[in-house]
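Participant: sharing a sequence plus its predicted fold:
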Amino acid sequence: MAKEKVVLHHPIGDANEKSPFGTLSAEEFYERNSVSHSSQYITNARGMKLFTQSWIPLPPNDILGIVAVVHGYTGETSWFVQLTSILLAKSGFATCAIDHQGHGFSEGLQNHIPDINPVVDDCISYFDSFRAQYSPSLPSFLYSESLGGAIALLIHLHGKQPDSSSKPWDGVVLNGAMCGVSDKVKPPWPVEYLLSLVATLAPTWQIVPTKGSIVEVSFKEEWKRKLGMACPRRSTARPRAATARELLRISTELQGRFEEVDLPMLILHGEEDVLCDPACAEELFRRAGSKDKTIRMYPGMLHQIIGEPQENVDLVFGEVVEWLQTRARR
């Protein structure tokens, strides 16, 4: 008799419009999902305190591997991303994440990333220290969303440099990755063409217009939009000039280096994503040098797949878990 396939349940199904933990306390939520949780502040090379978290499967569940989670612009590790991290941990992975500078509980001007390279360095430093706590034989993966996808690719490319001391990654999941900013949300002419000048003269000026709030155009379900807006650390302010310039620059840099990407890769993207261009994700898939690469383009889905109806969330993240578990067990 064929073994019945276990239906995955993403923890977002237990949240409500006010709390990612629904009616439970955080501790009760972790216990229900059979994971342990810890958090700590680290100090980076620039003297900034950055908030980090980890979620570990509780016995008798085995640890199959390690997953480092990379959140996106205006995101953090304590809201929606935490629920996905809990899912990864309960699926057998020691999972860690870091709030980028200016995001979540980390220090820095809110949502301001004028230079992506120090953020990449922060991730590498913390992720390497987390991996060092476990056996080097355990496979390790990157899971990323939105801008986090660009950061994850830069982490991988940095590790290919001759002077890198980091252990290579065994794969990456790119969920709605920012391989290119959609024309639907780029600042209109002439702002985009004047952006470099404005970013030089007034780098923190919150002047860059966007078409609709990120939450409104990212989440399909209304109650999840409300949950997104309920996060006490979420900002609805316009992007700062230097940050907007850097996001555009990162996209251009990555598009010129797609062929250098050669690690196992799972690309997930909603076809109706109006923030991160689906066509650029498809271009990455075509040009990447990875021998093991898979792409899933989901019709009708928006940028935040966790914001879809539960059956769609479970479908997509079921593929994520299966992809990770299959490669961890090889």
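Facilitator: Here it is on my side, so go on. Just so you know, these numbers come straight off a predicted model, no measurement behind them.
Participant: when you work out contacts or count neighbours from here on, use the C-alpha atoms and nothing else.
Facilitator: Noted.
Participant: I'd say residue 92 and residue 59 touch.
Facilitator: No - using Cα atoms under 8 Å, residue 92 makes no contact with residue 59, being 10.1 Å away.
Participant: so for these two, which sits in the more crowded spot?
Facilitator: Using other Cα atoms under 10 Å as the criterion, residue 92 and residue 59 rank with residue 92 on top: 23 against 10.
Participant: report the contact partners of that one.
Facilitator: Residues near residue 92 by Cα atoms under 8 Å, 6 or more residues apart in numbering: 57, 61, 62, 63, 64, 65, 325.
Participant: show me which of these is closest to residue 249.
Facilitator: residue 65 (33.3 Å; Cα to Cα).
Participant: wait, doesn't that closest one sit right on residue 139?
Facilitator: Yes - contact status for residue 65 versus residue 139: in contact at 5.0 Å, counting by Cα under 8 Å.
Participant: shared neighbours of these two, anything?
Facilitator: residue 328.
Participant: what's downstream of the helix-or-strand element of the chain with minimal mean pLDDT, the next helix or strand?
Facilitator: The weakest-scoring helix or strand in the chain, judged by mean pLDDT, DSSP states H and E, is helix 191-201 (a mean of 66). Heading C-terminal from helix 191-201, the first helix or strand you meet, by DSSP states H and E, is helix 214-218.
Participant: can you give me the strands for the stretch 101-250 of the chain?
Facilitator: Assigned by DSSP state E, counting those that start in this stretch, the stretch 101-250 of the chain shows strands spanning 140-145, 172-175.
Participant: format the ones you listed as TSV; extra columns: mean pLDDT.
Facilitator: As requested, the strands of the stretch 101-250 of the chain are exported to TSV (pLDDT from 0 to 100):
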stretch	mean pLDDT
strand 140-145	98
strand 172-175	98
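Participant: residue 65 and residue 139: which is more packed in?
Facilitator: Remark: of residue 65 and residue 139, residue 65 carries more neighbours, 25 against 21, as counted by other Cα under 10 Å.
Participant: for that one, list each beta-bridge partner.
Facilitator: residue 93 (DSSP bridges).
Participant: biggest helix in this protein, by residue count?
Facilitator: Secondary structure of the chain per DSSP state H: the longest helix is helix 310-328.
Participant: distance of residue 82 from residue 196?
Facilitator: Counting by Cα to Cα, to the nearest Å, the gap from residue 82 to residue 196 is 35 Å.
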